[in-house]
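Enquirer: just a sequence and a predicted model for now, questions to come.
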Amino acid sequence: MASADDLRRLAEEMAGAYEERVRVISDVKQATADIKKETGQLLNDFGKVHAAMSKELKAELAGFKTDLDAAEGERKKDDQAEISERKDYIMDLKNKARELIDEFDKAHGDMAQALRAELARFKSELDAEEDERKKRDQGETRETAEAWKGLLSAMQAARGRAVVAGPVEVEAKVEVKTVEEIIEEPVKEAEEVEEAAAEVEEEEAIEKVAADEEDLGGRILDLLDDNPEGLKMTRIADMLGVENWRTLIPVMRELQDDGEIRKEDTLYFLPE
């Protein structure tokens, strides 16, 4: 009896277990169907959202591309306008430069013409003065010759009025000269005087230059003494008020040869 009861109980448990299994499987199937349905719905919704997002993105990209194309077109227009303005500015500069060059050429031509006219006038005045000087010199020479001729005429007249007592042998003490030789004598004497005066003036000019150079050398030494850091020759010329610094070259060379100054690169110093 116990075995029958156990078998019955086992059968009941197996039937209950089978029913539970069937119920669980049914629940699983239902859950799976629900999951599939929800997943399909989710996928459908995701597809719709994706399509909507794609459509929105396409619209935004199309609008962005339109705006970008518009901005690029505007930029090109601005660049073209700026390039055109720069071309106009460059052409204006070229025209102004050409006008300036033309004005300079015209001014240069006018200046050259004025200088040629001034030089021609100066040459004309110089020639006129030279002609006047020659006329004046010729007049003075003529007056001198006429004076000598008058003096000779007076001497000959006085000699003609002289009374001779008898033939006397007289040794000639005075050399007899022709009128031309007598006339040339004062001219030669004047030329000798002029030459002597020119020599004196030249000697005085040489002495003055030597004195100026000596004074200039002393001033250069004073400047170098006040500037122990050294000075360039151009700076020395500026400080001395010398317009052309090259005129100092022989003076600086003489001072350097005499050992009164020394040179390092382009600077001059007093000896250490």
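Expert: It's in. Numbers count the residues shown, from 1 in each chain.

Enquirer: run the chain-centre distance for the helix or strand where residue 30 lies.
Expert: Taking DSSP states H and E as the definition, one finds residue 30 inside helix 2-161. A distance of 27 Å separates the centroid of the chain from that of helix 2-161, by Cα atoms, centre = their mean, to the nearest Å.

Enquirer: what's the burial count for residue 18?
Expert: Neighbours of residue 18 under the rule other Cβ atoms under 10 Å: 10. Every C-beta, even on glycine, is put in place using the N, C-alpha and C of the backbone.

Enquirer: again with residue 256
Expert: Residues near residue 256, counting by other Cβ under 10 Å: 13.

Enquirer: residue 219 too?
Expert: Residue 219: 14 neighbours (other Cβ under 10 Å).

Enquirer: helices and strands around the helix holding residue 30, which ones?
Expert: helix 179-226 (3 or more Cβ pairs under 8 Å, 6 or more residues apart in numbering; DSSP states H and E).

Enquirer: could you point out the helix or strand that follows the helix it packs on?
Expert: helix 233-240.

Enquirer: following element in sequence after that next one, please.
Expert: helix 249-257.

Enquirer: so for that next one, what gets flagged as buried?
Expert: 251, 252, 255 (16 or more other Cβ atoms under 10 Å).

Enquirer: next, the angle from it to helix 233-240.
Expert: When axes from the mean of the first three to the mean of the last three Cα atoms, to 10 degrees is applied, the directions of helix 249-257 and helix 233-240 differ by 110 degrees.

Enquirer: got the CA positions of helix 249-257 in CSV?
Expert: Taking Å, rounded to 0.1, in the frame of the first residue of the first chain, the C-alpha atoms of helix 249-257 are listed here in CSV:
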residue,chain,number,x,y,z
ILE,A,249,93.2,113.5,-44.8
PRO,A,250,96.7,115.1,-45.4
VAL,A,251,96.6,116.8,-42.0
MET,A,252,95.6,113.6,-40.2
ARG,A,253,98.3,111.6,-42.1
GLU,A,254,101.0,114.2,-41.2
LEU,A,255,99.9,114.1,-37.5
GLN,A,256,100.0,110.2,-37.7
ASP,A,257,103.4,110.2,-39.3
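
Enquirer: and whatever helix or strand comes next after that helix, what does it pack against?
Expert: Note on helix 249-257: by DSSP H and E, the next helix or strand toward the C-terminus is strand 262-264. Judged by 3+ Cβ pairs under 8 Å, 6+ apart, the packing partners of strand 262-264 are strand 267-269.

Enquirer: shaky segments in this protein?
Expert: 1-2, 140-141, 143-145, 147-152, 154-214 (pLDDT under 70).

Enquirer: could you rerun that using 90?
Expert: When residues are selected by pLDDT under 90, those of the chain lie in 1-24, 26-65, 67-82, 84-89, 91-217, 242-243, 247, 272.
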